[in-house]
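> missing the sequence, but the structure's below:
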């Protein structure tokens, strides 16, 4: 029987998850923000309390098009994960959902989906890169560059340049990120963002983008450094996910002091029709 965490239990779970880093990073990041910021609500479940082996963060789906509210899962072992999912009703297999976890657990979850004849597809497989020491960030000269945070008027621009940003659900997700979590951008002379990066609900930084006509000016390093320093100052974990085929971004973050634990890969799958 699963237990839904509330109040002080959520803080205790956050502390416990630190002992499992980096493998627990995504769920740990979700709890860090969940415990400090009022944003889109989520429920947090464990297989037992207080010594849990599985923890699942499940967002509340408020509208049918909430496709990008990911369920994220951490499990100490595959058997506990399989038993928890099979014996609980946390996952609604009848609707589309996106789930993120360690790549090592995806065979367990996809096999459970197959038992229920639920189609699935891998959406991404990523390196997870973490900034363990903020002092390793390079010194960036931003003289003459207008650095700011994104605001709600920029949501549409960010959405149209994101590869998944083709529906109302993506727009709402990005609005939630911009309004509630730290972000950073470089503005042109008209006050329009030309380069930016955001913070996901998992506390990961991402959606890094620079308008094509402004590339090669070092803006990506400016926004990454600025947001990394800000999140570090807030006490947030500073990390990102880089898709396996994106060697350019991997090299950028590596050059800025981010490192990877080669034993871990993060993956996201979509279940039912996307």
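Ah, there it is. What you see is a predicted model, and the numbers here were worked out from it, not measured in a lab. Numbers count the residues shown, from 1 in each chain.
> hey, where'd the helices end up in the stretch 1-150 of the chain?
8-18, 25-34, 78-87, 106-115 (DSSP state H, counting those that start in this stretch).
> Rebuild those as JSON lines, extending it with distance to residue 72 and mean pLDDT.
(Each C-beta comes from the backbone N, C-alpha and C, glycine too.) Converted to JSON lines, these look like this (distance: least, CB to CB, whole Å; pLDDT from 0 to 100):
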{"stretch": "helix 8-18", "distance to residue 72": "11", "mean pLDDT": "98"}
{"stretch": "helix 25-34", "distance to residue 72": "5", "mean pLDDT": "97"}
{"stretch": "helix 78-87", "distance to residue 72": "13", "mean pLDDT": "96"}
{"stretch": "helix 106-115", "distance to residue 72": "12", "mean pLDDT": "94"}
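> Comparing these, which comes out most buried?
helix 25-34 (a mean of 24; mean count of other CB atoms under 10 Å).
> If you compare the directions of that helix and helix 8-18, what angle comes out?
150 degrees (axes from the mean of the first three to the mean of the last three CA atoms, to 10 degrees).
> Which secondary structure elements does helix 25-34 sit against?
Where contact means 3 or more CB pairs under 8 Å, 6 or more residues apart in numbering; DSSP states H and E, helix 25-34 is packed against helix 8-18, strand 42-46, strand 54-59, strand 71-75.
> The last one - what's its average pLDDT?
Mean per-residue pLDDT for strand 71-75: 97.
> distance between that strand and the chain's centre?
12 Å (CA atoms, centre = their mean, to the nearest Å).
> Can you tell me the strand partners of it and which way each runs?
Strand 71-75 has the following sheet partners, assigned by DSSP bridges: strand 54-59 (antiparallel), strand 97-102 (parallel).
> Now tabulate those in CSV and tack on distance to residue 14, mean neighbour count and mean pLDDT.
Conversion of the strands paired with strand 71-75 to CSV gives the following (distance: least, CB to CB, whole Å; neighbours: other CB atoms under 10 Å; pLDDT from 0 to 100):
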stretch, distance to residue 14, mean neighbour count, mean pLDDT
strand 54-59, 10, 23, 96
strand 97-102, 18, 22, 94
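> Okay, now the unreliable bits of the protein?
Applying pLDDT under 70 to the chain flags the ranges 62-68, 274.
> Which helix or strand contains the residue most central in space within the chain?
Closest residue to the average C-alpha location of the chain: residue 202 at 3.9 Å, with CA atoms, centre = their mean. Using DSSP states H and E, residue 202 falls within no helix or strand.
> give me every residue that touches it.
Contact analysis of residue 202 by CB atoms under 8 Å, 6 or more residues apart in numbering lists 26-27, 29-30, 33, 70, 72, 100.
> Quick check: it vs residue 146, distance?
According to CB to CB, to the nearest Å, residue 202 and residue 146 sit 29 Å apart.
> now do residue 255
24 Å.
> Then residue 251?
26 Å.
> dump the residue contacts of residue 210.
Applying CB under 8 Å, 6+ apart, the residues near residue 210 are 194-195, 219-220.
> from those, which ones fall inside strands?
Per DSSP state E, strands hold the following members of these: 194-195.
> Please indicate which of the contacts of residue 210 are buried?
194-195, 219-220 (16 or more other CB atoms under 10 Å).
> returning to what we had before: switch the helices and strands packed on helix 25-34 over to TSV; also include distance to residue 225.
As requested, these are exported to TSV (distance: least, CB to CB, whole Å):
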stretch	distance to residue 225
helix 8-18	25
strand 42-46	29
strand 54-59	29
strand 71-75	27
